[in-house]
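Asks: how would this look folded up:
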Amino acid sequence: MIGLIGRKLGMTQIFVETGELVPVTVIEAIPNIVIRKKTKETDGYNACVLGIGERKNPTHPYSGIFKKSKVKPTSILREIRDLPSDWEMSKEITLSVLSEDLKVNVTAFSKGRGFQGVMKRHGFHGGPGGHGSGFGRGGGSIGTSKTPGNVQKGKKMPGRMGNKKVTVRNLKIIKLDASKNLLFLKGQVPGAKNSWVMIKQNEPK
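Replies: Numbers count the residues shown, from 1 in each chain. Just a heads-up that it's a prediction; the model follows:
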């Protein structure tokens, strides 16, 4: 599987050859470095660890990995399964591994919204807005009467919203700008601006 680590810059819109105006997400994908290569003989599966960014003081376990691969410590590390055979340690992976009109899957952490109530988290309508209703923005009853007499699993209730790993599949590559390390994907990508995303080539089942 082919993949890259990138940084989400934001959204814009561009015209394609047909004259259609397409909303796109702009991702900056500077060259990634292969930090570690895993094989079935040593780790039980084939994979590689990509690194991007700079880090001055890596923790002790990672310092040995960077020293072995003979590369500068990176701040972000991501693993890719079933890597191409020509990806060796300290090799730079650029946007040249991707091509236009290719479809990719993008994984990132969604925006964190903190602890939210049922109206914002699940779209509940709330109670009447008139005086004296006493309902407000509450979620209403959560019990199940006498039988079974408990709160069922999966009940929509207040709680933490966002900050979850989300994968958006089948995003089409509209444009590649290798000179500026920019990737333009059709549609939206999870995460806030300047957040790190993982781009993987979509493999049909």
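Asks: check contacts around residue 42.
Replies: Shown in contact with residue 42 (Cβ atoms under 8 Å, 6 or more residues apart in numbering): no residues. C-betas here are computed from N, CA, C, even on glycine.
Asks: against residue 186, how distant is it?
Replies: Distance from residue 42 to residue 186, counting by Cβ to Cβ, to the nearest Å: 39 Å.
Asks: and what of residue 11?
Replies: Distance from residue 11 to residue 186, by Cβ to Cβ: 11 Å.
Asks: now do the shared contacts for those two.
Replies: 23-24.
Asks: for this structure, longest helix please?
Replies: The single longest helix within the chain, with elements called by DSSP state H, is helix 60-69.
Asks: spatially central residue in the protein, please.
Replies: Geometric centre of the chain, nearest residue: residue 108, 1.3 Å, by Cα atoms, centre = their mean.
Asks: what is it paired to in the beta sheet?
Replies: residue 166 (DSSP bridges).
Asks: I'd like to know how far it sits from residue 8.
Replies: Taken as Cβ to Cβ, the span from residue 108 to residue 8 is 7 Å.
Asks: list the residues that contact both of those two?
Replies: Jointly contacting residue 108 and residue 8 under the rule Cβ under 8 Å, 6+ apart are 189, 191, 195-197.
Asks: mean confidence for stretch 117-134?
Replies: Regarding stretch 117-134, the rounded mean pLDDT is 90.
Asks: hmm, I typed the wrong one, I wanted stretch 66-73.
Replies: Across stretch 66-73, the per-residue pLDDT values average to 84.
Asks: and what of stretch 86-98?
Replies: 82.
Asks: centre of the chain versus that stretch, how much separation?
Replies: The chain centroid and the centroid of stretch 86-98 are separated by 20 Å under Cα atoms, centre = their mean, to the nearest Å.
Asks: other residues contacting it?
Replies: Contacts for stretch 86-98 (Cβ under 8 Å, 6+ apart): 2, 4, 29, 31-37, 48, 50, 68-71, 104, 173, 176, 178, 181, 183, 199, 201.
Asks: which ChimeraX command selects the buried ones in those residues?
Replies: In ChimeraX, this line selects whichever of the contacts of stretch 86-98 come out buried by 16 or more other Cβ atoms under 10 Å:
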select :2,4,29,32,33,34,35,36,37,48,50,69,71,104,173,176,181,183,199,201
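Asks: counting only helices, which of the contacts of stretch 86-98 make the cut?
Replies: 68-69.
Asks: got any ranges where this structure has weak pLDDT?
Replies: For the chain, applying pLDDT under 70 flags the ranges 1, 83, 85, 203-205.
Asks: where do the strands sit along it?
Replies: 3-15, 21-28, 32-38, 47-52, 76-81, 92-93, 103-109, 112-116, 159-162, 165-177, 182-186, 196-201 (DSSP state E).
Asks: can you list the strands that the shortest one pairs with?
Replies: Strand 92-93 has the following sheet partners, assigned by DSSP bridges: strand 32-38 (antiparallel).
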